[in-house]
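Asker: everything below, folded, please.
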Amino acid sequence: MKARILVVEDEDKLRRVIELQLQSAGFEVEQAASAEQALRLADRADLILTDLRLPGIDGLELLARLRRQNLQTPVIVMTAFGTIEAAVEAMKAGAADFLLKPFSLDHLMAVIGKALELRWLRDENRQLREELGRRYEFDNIVGRSSAMQEIFATITRVAPSRATVLLCGESGVGKDLIARAIHHHSPRRERPFVKINCTAIPENLMESELFGYEKGAFTGATAAKPGKFEQADTGTVFLDEIGDVPPSIQVKLLRVLQERELERLGSNKTRQIDVRVVAATNADLRAALEQGTFREDLYYRLNVVPLNIPPLRERKEDIPFLAEHFVRKLARDSGSAVESITPEAIRKLMSFDWPGNVRELENVIERSLVLCAGTRLDANDIRLDMSPRGRNPQTAAGHFLPEGMTLEEYEQAILREALRRAGGNKSQAARLLGLTRNALRYRLSQMGIES
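Answerer: This next block holds a predicted model:
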């Protein structure tokens, strides 16, 4: 679409020159010889170019009336050199830019281009924020089961507070979505939401990533850098996989939760911080407490409001609604011709155990849409992952343990195989086994295979 520019200028010759220049550049142009006339046309314009000195209502008053009408249209003011103070007043009143007369047409086009680009960026940003907000409304988090309705009710009660929330549940149940919904329904919704994946940050970098560092704190620290907590100041921090945080960092997290303060690496200056913390884990933190890999005082600081998100296999009544939601969403995003899903396909989905939960369901729907040739997703189009995850391959042969192996030997073999598949990466091996990194390290040390 062509941008429409309203030119407000009482001098006919200059108004005509500007109109011709803008039309030659591909813009639609409307003219007004007075502010009164401009006010009748303003709501149709993408940008307004106005002189400050006009008969009747002047340019400053025009700006004020546009703002009272809540019009967000950018305004560029034109003024002679002798009234530059008025241009400064116009900028304070909300003008996007100003042009000093006389100006070249090239300068005019540059200023207009800059103002329009800024407007489009703001419109896009506003649209994205609105879409993001709609995404985290409860109506768009699919969950008709009584368990999910209870979670939504808890979010409604806890979101307005600054209470720390601990989300517990298996991988793929939607902890990230719930954390963002808590932030979206809180008074901090316009402030930053910073997600920290505790598993993805190497242990030797975790302190500097979370709490920042000062210049010279370590080799390569050529400038000071704020950490994730400072970036989230006045907003929300989402600590995903909190069970993987090493003990040395747990102490510093406890200080943030208790005292609302931190120190950057390489600094002794205490910085006050105002963040709301939402943490998530797919591990049993109580087991970690018994093993001594997770601090008890930190656990109780995090567990102020616990939210246990049930796995999909325990709320199968949500599967039909989730499946229909993913078909609509993914078909639109991928350009698929599929318009609906059949009852037979729904029954096939309902009969599966979903070890990967909602995330796995979404992946299955996406894969099935790609391979579906028709406009309806049928049972034959559903491509389920039937690999025996978490099952003992010997069970089918009638053996509980591999022949000739003790339970301890079999567990060691599983741990070694996970390490081999992960290339020696303990964090990746822990994820394969459904353990936290600290729990894996504990088991390895107990078996004497730490190295």
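
Asker: I figured residue 342 hits residue 378, correct?
Answerer: Yes - applying CB atoms under 8 Å, one finds residue 342 in contact with residue 378, separated by 4.9 Å. Glycine gets a C-beta too; all of them are placed from N, C-alpha and C.

Asker: excluding its backbone neighbours, what's nearest residue 271?
Answerer: Excluding the flanking residues, the one nearest residue 271 by CB to CB, 6 or more residues apart in numbering is residue 262, at 5.7 Å.

Asker: measure the one you found to residue 250 for me?
Answerer: Noted for residue 262: a distance of 14 Å to residue 250, by CB to CB, to the nearest Å.

Asker: what about these two, which has more around it?
Answerer: The neighbour comparison of residue 262 against residue 250 (other CB atoms under 10 Å) goes to residue 262, with 21 against 17.

Asker: residue contacts, that one?
Answerer: Counting by CB atoms under 8 Å, 6 or more residues apart in numbering, residue 262 makes contact with 211, 227, 229, 230, 252, 255, 256, 270, 271, 273.

Asker: so which of those residues belong to strands?
Answerer: Mapping the contacts of residue 262 onto strands (DSSP state E) picks out residue 271.

Asker: closest to residue 408 out of the contacts of residue 262?
Answerer: Nearest to residue 408 among these is residue 252, at 36.3 Å by CB to CB.

Asker: count of neighbours near that closest one?
Answerer: Neighbour tally, residue 252, other CB under 10 Å: 17.

Asker: and the pLDDT for it?
Answerer: Confidence at residue 252, expressed as pLDDT, is 92.

Asker: now it. Nearest residue, chain neighbours left out?
Answerer: Nearest to residue 252 is residue 211, by CB to CB, 6+ apart, at 6.3 Å.

Asker: so how far is residue 347 from residue 362?
Answerer: From residue 362 to residue 347 the distance is 19 Å (CB to CB).

Asker: out of these two, which sits in the busier spot?
Answerer: It is residue 362, of residue 362 and residue 347, that has more neighbours when counted by other CB under 10 Å, with 18 against 13.

Asker: give me the low-pLDDT residue ranges for the stretch 301-450 of the chain?
Answerer: 386-405, 449-450 (pLDDT under 70).

Asker: which stretches of it form strands?
Answerer: For the stretch 301-450 of the chain, applying DSSP state E, counting those that start in this stretch gives strands covering 305-308, 340-341, 376-377.

Asker: state whether residue 49 is indeed within a strand.
Answerer: Yes - secondary structure of residue 49 (DSSP: H, G, I helix; E, B strand; the rest coil): part of a strand.

Asker: partners of it in the sheet?
Answerer: Beta bridges link residue 49 to residue 7, residue 76, judged by DSSP bridges.

Asker: contacting residues for it?
Answerer: So residue 49 contacts 5, 6, 7, 8, 9, 18, 75, 76, 78, 112 (CB under 8 Å, 6+ apart).

Asker: next, work out how far apart the nearest residue to the fifth one once chain neighbours are set aside and residue 203 are.
Answerer: Spelled out, that is residue 9. The shortest distance from residue 9 to any non-neighbouring residue, by CB to CB, 6+ apart, is to residue 15 (4.1 Å). To residue 203, residue 15 is 67 Å away according to CB to CB.

Asker: among these two, which residue is more densely surrounded?
Answerer: Neighbours were counted for residue 15 and for residue 203 using other CB under 10 Å; residue 15 has more, 19 against 15.

Asker: list the buried ones in stretch 104-115?
Answerer: 108, 111, 112, 115 (16 or more other CB atoms under 10 Å).

Asker: in the protein, which helix is the longest?
Answerer: Counting by DSSP state H, the longest helix found in the chain is helix 105-135.

Asker: packing partners for that one?
Answerer: helix 12-24, strand 47-51, strand 75-80, strand 97-101 (3 or more CB pairs under 8 Å, 6 or more residues apart in numbering; DSSP states H and E).

Asker: give the rounded mean pLDDT of it.
Answerer: 77.

Asker: please report how far the closest residue to residue 295 other than its chain neighbours lies from residue 119.
Answerer: Spatial nearest neighbour of residue 295, chain neighbours left out: residue 250 (4.8 Å); criterion: CB to CB, 6+ apart. In this structure, residue 250 and residue 119 are 47 Å apart, going by CB to CB.

Asker: again with residue 276
Answerer: Taking CB to CB, one finds residue 276 at 33 Å from residue 119.

Asker: which one of those two has more residues nearby?
Answerer: Neighbour comparison, residue 276 and residue 119: the larger count goes to residue 276, with 23 against 17 (by other CB under 10 Å).
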